[in-house]
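> with the sequence up front, the predicted model follows.
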Amino acid sequence: MPDKKKLYEQKIAAQLAEWRADIDKLQARAKGASADAKLKYAKQIDKLELKYGEGKLKLKEIAESTEEAWESIKDGADSLWDTIRSTFAEIKDKFKD
């Protein structure tokens, strides 16, 4: 049976991949937008890229942690994921068709 840490890492990696796809979609939409819209997209994409980067760093921290230490890291990671998730949801809502 896979250990909890590995399953958690896989779950976070899958979420990060989904967020990467969301950023890529916004970037594609921004290319076809008006100049004003491009500025709005760029600002929001930058915000998402920053959050995505934070998520990748936290995943790396979890991956490099020991089996014993990762449980304490997990609480902070869960809080970070909630913040990132809400940021992504908020920005995606702004740019719904």
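Received it, and whenever you're ready, just let me know what you need. Numbering: from 1, shown residues only.

> list the buried residues of the helix or strand hosting Ala14.
Counting by DSSP states H and E, the element that carries Ala14 is helix 4-31. Using 16 or more other C-beta atoms under 10 Å as the test for burial, helix 4-31 gives Lys5, Tyr8, Glu9, Ile12, Gln15, Leu16, Trp19, Asp22, Ile23, Leu26, Ala30. The C-beta positions use only the backbone N, C-alpha and C, and glycine is treated the same way.

> those residues into CSV, with extra columns for distance to Arg85 and pLDDT?
Below are the buried residues of helix 4-31 laid out as CSV (distance: C-beta to C-beta, whole Å; pLDDT from 0 to 100):
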residue, distance to Arg85, pLDDT
Lys5, 21, 87
Tyr8, 15, 90
Glu9, 17, 91
Ile12, 11, 92
Gln15, 8, 92
Leu16, 11, 94
Trp19, 9, 92
Asp22, 11, 91
Ile23, 14, 92
Leu26, 16, 89
Ala30, 22, 88
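
> how close does the residue nearest to the spatial centre of the chain get to Asp46?
By C-alpha atoms, centre = their mean, the chain has its centre lying nearest to Tyr52, at 3.9 Å. Counting by C-beta to C-beta, to the nearest Å, the gap from Tyr52 to Asp46 is 11 Å.

> ok, now Lys92?
Taking C-beta to C-beta, one finds Lys92 at 15 Å from Asp46.

> who has more neighbours, the two?
Lys92 (15 against 10; other C-beta atoms under 10 Å).

> how close does the closest residue to the more buried one other than its chain neighbours sit to Lys94?
Nearest non-adjacent residue to Lys92, counting by C-beta to C-beta, 6 or more residues apart in numbering: Asp22, 6.4 Å away. In this view, Asp22 and Lys94 are 12 Å apart by C-beta to C-beta.

> Arg20 too?
19 Å.

> quick one, what contacts the residue nearest to Lys92?
Leu48, Phe88, Lys92 (C-beta atoms under 8 Å, 6 or more residues apart in numbering).

> longest helix in this structure, by residue count?
As assigned by DSSP state H, the longest helix anywhere in the chain is helix 35-64.
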